[in-house]
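S.K.: okay, predicted coordinates and the sequence, questions at the end:
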Amino acid sequence: MKELTKLEEVVMIAIWRLGDMAYGVEIKKQVYEILGKEYFYNTLYTTFDQLIRKGFINKNFGEPSSVRGGKRKVFFRMTEMGELALEEAFERQSRVWGSITLDGLQRGEL
Amino acid sequence: MALRKTQGRVNIALKMLRLFYSSNMEEGYSGDIEEEFEEIIKIHGQNKASLWLWRHALVEVPKWMVSELMKGMTMIMQYLKTAQRIMQRHKLNTLINIFGLALGVSTCLAILLFVNYELSYDKFHSNNSSISRITMSGTLAGNAYASARIPAPAAPILTQTFPEIVETVRLIPDNLNLFRYKDQAFNEPLFFFTEPSFFKIFSFPLIEGNTEEALAVPNSIVIDEDLASRLFGSEEALGKIISFNDMMDLTVTGIIQNAPRNSHLDYHMLISLSTLKEYWPFALNSREWPAAYTYIQQRDGVDQIQLLNKIRPFFKEYLNDIAAAEEGELYGNVQSLSDIHLRSHLQNEWKSPGNIRYVLTFLGVGILIMTIACLNYINITTARANVRVREIGIRKTMGASKYQVMLQLVGESLLSGLASMLVAGLLMIVFSPMLRSIMGPGYSIQSCLNSTFLFQVTGIGIFVSIFAGLLPAIQLSRYQPHQSIKGITAGIKTKSKRRMALVTFQFTVLVGLIIMTLGIVQQVSFMQNQPLGFKKEQLLAIRMINDHGDEGNTLLRFNTLKQEMLNLQHVHSATLSSHVPGTRYYEGQFAPEGESRHTVMTMETYQVGEDFLSTYQITLLQGRDFSSEFSGDTQSILINEAASEQFAWENPIGKRVTYTSHGESGEYRVAGVFHNFHSQSLHHAVKPMVLFKSSHCHYLTLYLDRKDLRNTLLQISEVWKSIESDNPFDHFFLDDQFNQFYQFESLMGSIIQCFTIVGICIGCLGLIGLIAFTTERRTKEVGIRKSIGASSSSIVMLFLEEFGVMLIVANVLAWPLGYFSLKMWLTNFAYKTEINLVIFVLASITTALVGMLTIAYWVLRAARANPVEALKYE
C-alpha cells in the first residue's frame, strides 16, 4: 500500500469530512481550518491528481450552475482503497505518538 | 455578475493560472476560483477580490513553480558537476571532441552561406513570384534550339492576347559599345535597351529621376551609382550628355542603384527602347531574330502551368513561318524568375548561370563532412562512455531511471555541442577573409546575421549534439545495474566492431573526397593547358573603335595602326577580325549547294582579314587561304573541319553555299578548309565555323613573343595613344579570356580542396582520440609484452595491423564510389581528361600515410614508456 504525504493526508481527511460536498472551494476551506495555512488551488489540484493516480479518490462532475461562471463542480469521493489508506495512516500516527500527551511532552515525562 | 464587470483584468490572471494546470482538471479548477472570487467580492468588495486573484497569479504560482524546479535543479547541478569533472579528466578527448565538431560545423556553415547565396538569386524583387521570362525552344534544321531571347515584337502581342499578363518588359542587349563623356571614353557591354515598365516589374530602385519618364523618350539613359560617380564625381548627373558610339547623344535622365550581385540581370546602363527606332530598327522589328529578353508580370493567382499551356501553342503559331523555313518547330516557354539563375541553361543567357547540380554537390559534401564529424564524436563518446559503465551502474542502483541517465548523457553532449558552436563561430570569423577569397561574393560574414541563417545554425548545432549524444546514451542506459557494476571490465571492449565500422566509413569518405579533389584539379588544369589550336598565351587582342558611318576612314585608321604595331620588335604578325576566340559569338544560317533550299545549317561566323589564319597559326588542310591577289575573295569563305563534315561534300573546294543573316542572303564559294580550333570553352564541342573575308572588324589581334613582355606592352600602348588618342586602350590576352570560362570549376576545385583538408583534419582528430583511448586501455598489455621482450616497433606494428584492415576495406569501397562520381561530374565537359589510376593510388597513399603516422606517434608514446609504470597501471 502506498503511503500518504502530509498534505495528502490532510486533503483526504477534508474529503472524508465533507462527504458528498467535497469539491475545490470547500476542501480548501477545510484544509485551512485544519492547518491554519492557505493552500492555493494549484497545490491542491496537484495533490488531487496524485491521489487519483494512487487510486485513493475518484472524481465526478456536478451539474453546471450560473454561480461559477457556468462551470461544473468537480466532486471528489473517497474510494475503498482510500479509506484503507486513511485508516492505516491513523493507525501509524497513533503508533508513532502512542500515549504521548502534549502535557507530558512539555514536562518531559511519559 | 461581478465577474463580468472585471472580465478583462480577471481573464488575464485566470489565463495565467490556467496555464499551469492540466486540462482535464481545468473546469473544476477555474470554476472553484470563480466561486471563491465571487464570495470574496460579497464579503470584502471588488478591489480586494481582484487583488486576491492577482496575488495568486503572480506570487503563489511562481513560488510553487520555483520550489518544483529546485527539486530538479539539484539533479541538474550534479550532472553539470560530473560533466565538468569528466571533461577535466579527459582533457585531450574533450578538446578533440569539441574542436572536431567545431570544424565540421563551421565547414557546414560556410557551405550553407554559399548555398543560401546561390538560392537567393533574384529573390529581392518584391513581386518576384509573379515575374516570369518568356523564352523559346524547339528544333531548327534538325538541331535542338533553345533561346533565352525572343523576337522583340512578340511582347506587345502577348499583353494584348493574354489577360493573365499585367505587364511586359523587353531588354535588348548589344555588343560592346563605346561611350564617351568629355575626355572619358570606355567600352561597355553591360547595358540594355529597355522600356519604362522595367521599373514597374523589377525592384531596381531609382535614386534620382522619375520612373515614369526616365526611359520614356528616345535618347535617354539611366546609369548606375558607380558609373555616375566615376563620370561626374560630385556634379549633378541629371541632364548630362553621354555620347554613344560617337553617333548619338544620350541625356542622363536617372540614376539607378547598383544592381545587387545576386541578380541575374547585371548592367551599368539602361537606354530607352525607343532609341532603337533610329539606331537599330532591325532588332526592334525583326520577327526572325530573337533580340529581346522578355519578362512578364502575371496577375496574382495565375497558374504558371495554365499560362504555359496557352503560350506554347500561341508561340508555335506566331513563329510558324520562321520555323518552317528551317524545317523545324518552335515553342514558347515560361520560366519563373527565381529559376533562371540555377535551372536555366539556354543559348544567349545574359549572365553565365549557376548550376543547381553544383549547389547540391556542395550541400552533399557539407553533409558528408558533418557526418564524419558526428561519427567521430559518437565514436569517441562511446569509447569514453564505456569507462563510465560503473558510474551509470551506481546511478541506476541509486534509483536513476533509464531516461534520467539518457538525459544526463545527451545533456553532456549538448554542452560540448554548444561549446563547439562557439568555437565554430570563432573559426568562421578568423577564416572569413580566406573563405571570402575562395568563395567569392557569396560569402560574407554580414550575411550570417539574418534570422533564418541563425535559426539554421542553432538548429544544426542542437540536432548534431543530440544526435551524437543519443547513440551512446541509448547504449549505456540499457545496461542493467548489476551487469554494469559486476562487469566493469566486461563492458569495455577495446575492439568494437561498430567502432571499427565507423572509422572505416570515415576513411571511405576521405579517400573518396581526395579522389574527387584530385580529379577536379586535374580536369581544370587540363582545360587550362589543352591546346586550343592556337597559342593563346601569345595572342593579344585589342578592342577597336569604329567611326560609325565612315567606313573608309575607319579602315584607313585600322590599317595604319596595324602597320605601326607590326613595326614593333616583338610583334610578329597582326590581323583584324570581327570576333576573337573566347568572346561572344555570332551565328548564321547556311544552305549548301545541291541540297534542297530547306536544308539550313547553323554555323558560327567570323569576319576576318586575309592574315587571320597565319596570325593565329591555324593550319590550312585543303584549298587556299584568303589572299589579296584574288579580287573576288569577298565572295569566298573558309570552313573548318567540323563544317566540312556537316556539309558532307566529297571535295568541298569550290562548292557554293547560300548564307542568310538578318533577312539578307548571298552566295559564297568555299575556298579552303582549315584545322578545327576552339572558339569557346571546353565545355562545348568545336562548332562548325565559317570565315568571311571582310574589313568590318572589332578586334586587332597581335601575335607576339613573350620576351620582354612589359616593354612590348608599353610600346603597344604608346602606338595606340599616338593614333587613337581619344579612345580607350582595351586589351587582353586570350588565355586570360579562356581562364574565365573555368572560373567556376577552379572555384569548385579549391572549395572541395578546402573541404578535403578539413575532412582529413577531422578524421585524424578522430583517430587520435580513438588510439589514445585504446592505448590507454591496453597499457597493461603493452607493459607485459615489453617485459617479455617485445620491441617498441613490434608493438606499433601490432596496432597498425588493425588499422591496416580498416584502411583496405575503406579503399575497396571508396575507389568505385570515387570513380563513378568523378565520371558523372566529367559529363559536364565535351573535352575531358582520362580518369587516371594515379589519383586513386595517390588518394589511398595519402590517407594511409596520415593515418599511420597519427597512430604510430601515439602508440610509440605508450610503447616507449617504462614497462614497470605500465604494469602498475590500474
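M.R.: In hand now; what should we look at?
S.K.: what is the burial count for the closest residue to chain A within the stretch 151-300 of chain B?
M.R.: Of all residues in the stretch 151-300 of chain B, B:Asp300 sits closest to chain A, at 45.7 Å by Cβ to the nearest Cβ. To be clear about C-beta, it is placed using only N, CA and C from the backbone, and glycine gets the same treatment. A count of nearby residues for B:Asp300, using other Cβ atoms under 10 Å in any protein chain shown, gives 9.
S.K.: can you list contacts of stretch B:148-159?
M.R.: Residues outside stretch B:148-159 that contact it (Cβ atoms under 8 Å, 6 or more residues apart in numbering or on different chains) are B:133-136, B:165, B:167-170, B:172, B:283-294, B:296, B:311, B:314-315, B:318-319, B:332, B:344, B:346-350.
S.K.: ends of that stretch, what's the gap?
M.R.: 19 Å (Cα to Cα, to the nearest Å).
S.K.: now it: mean pLDDT?
M.R.: Mean pLDDT, stretch B:148-159: 88.
S.K.: now that stretch: buried residues?
M.R.: B:148-152, B:154-155, B:158 (16 or more other Cβ atoms under 10 Å in any protein chain shown).
S.K.: where does B:Trp280 fall, phi/psi-wise?
M.R.: phi -160, psi 70 (degrees, to the nearest 10).
S.K.: my guess is it meets B:Asn177, correct?
M.R.: No - taking contacts as Cβ atoms under 8 Å, B:Trp280 lies outside contact range of B:Asn177: 10.8 Å.
S.K.: so these two - more neighbours on which side?
M.R.: The residue with more neighbours, out of B:Trp280 and B:Asn177, is B:Asn177; 17 against 14, by other Cβ under 10 Å.
S.K.: which residues touch that one?
M.R.: Neighbours of B:Asn177 in contact, by Cβ under 8 Å, 6+ apart: B:187-189, B:191, B:244-245.
S.K.: repeat that for 6 Å
M.R.: Counting by Cβ atoms under 6 Å, 6 or more residues apart in numbering or on different chains, B:Asn177 touches B:Asn245.
S.K.: tell me what it is bridged to.
M.R.: B:Asn177 has these beta-bridge partners by DSSP bridges: B:Glu188.
S.K.: do you have the helices of chain A handy? List them.
M.R.: With DSSP state H as the criterion, chain A has helices at A:6-18, A:24-35, A:41-54, A:80-97, A:102-107.
S.K.: hmm, I typed the wrong one, I wanted the stretch 651-800 of chain B.
M.R.: With helices called from DSSP state H, counting those that start in this stretch, the stretch 651-800 of chain B shows them at B:709-723, B:734-741, B:743-777, B:779-787, B:792-826.
S.K.: how about the stretch 101-250 of chain B?
M.R.: With DSSP H, counting those that start in this stretch as the criterion, the stretch 101-250 of chain B has helices at B:154-161, B:197-201, B:225-232.
S.K.: so which elements touch the last one?
M.R.: Packing contacts for helix B:225-232, counted by 3 or more Cβ pairs under 6 Å, 6 or more residues apart in numbering or on different chains; DSSP states H and E, involve no helix or strand.
S.K.: in it, what's buried?
M.R.: B:227-228, B:231-232.
S.K.: measure how buried B:Gly104 is and give me the count.
M.R.: 29.
S.K.: closest one to chain A among the helices of the stretch 651-800 of chain B?
M.R.: Between those, helix B:743-777 lies closest to chain A; by Cβ to the nearest Cβ that is 45.5 Å.
S.K.: which stretches of the stretch 551-700 of chain B have low pLDDT?
M.R.: B:594-599, B:630-632, B:662-664 (pLDDT under 70).
S.K.: and the residue of it nearest chain A?
M.R.: B:His683 (70.8 Å).
S.K.: now that residue: closest residue in space that isn't a chain neighbour?
M.R.: B:Phe829 (5.5 Å; Cβ to Cβ, 6 or more residues apart in numbering or on different chains).
S.K.: how about that neighbour, phi and psi?
M.R.: According to degrees, to the nearest 10, B:Phe829 has phi -120, psi 140.
S.K.: so what strands line up beside the helix or strand in which B:Ile296 is found?
M.R.: Assigned by DSSP states H and E, B:Ile296 belongs to strand B:293-298. Strands adjacent to strand B:293-298 in the sheet, as given by DSSP bridges, are strand B:131-140 (antiparallel), strand B:165-173 (antiparallel).
S.K.: now mean pLDDT, distance to B:Glu801 and mean neighbour count too, for those, in TSV please.
M.R.: Converted to TSV, those look like this (pLDDT from 0 to 100; distance: least, Cβ to Cβ, whole Å; neighbours: other Cβ atoms under 10 Å in any protein chain shown):
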stretch	mean pLDDT	distance to B:Glu801	mean neighbour count
strand B:131-140	86	61	22
strand B:165-173	91	66	21
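S.K.: let's have those in JSON lines, adding distance to B:Ile716.
M.R.: Formatted as JSON lines, those follow (distance: least, Cβ to Cβ, whole Å):
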{"stretch": "strand B:131-140", "distance to B:Ile716": "42"}
{"stretch": "strand B:165-173", "distance to B:Ile716": "30"}
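S.K.: what parts of chain A come near chain B?
M.R.: Residues of chain A lying close to chain B (Cβ under 6 Å from any Cβ of the partner chain) are A:24-25, A:40-42, A:45, A:68-69, A:71-72, A:74.
S.K.: for burial, what's the neighbour tally of the closest residue to B:Phe803 other than its chain neighbours?
M.R.: Leaving aside its sequence neighbours, B:Phe803 sits nearest to B:Ile855 (Cβ to Cβ, 6+ apart; 5.6 Å). By the criterion of other Cβ under 10 Å, B:Ile855 has 23 neighbours.
S.K.: quick one: low-confidence parts of chain A?
M.R.: In chain A, residues with pLDDT under 70: A:1-2, A:69, A:110.
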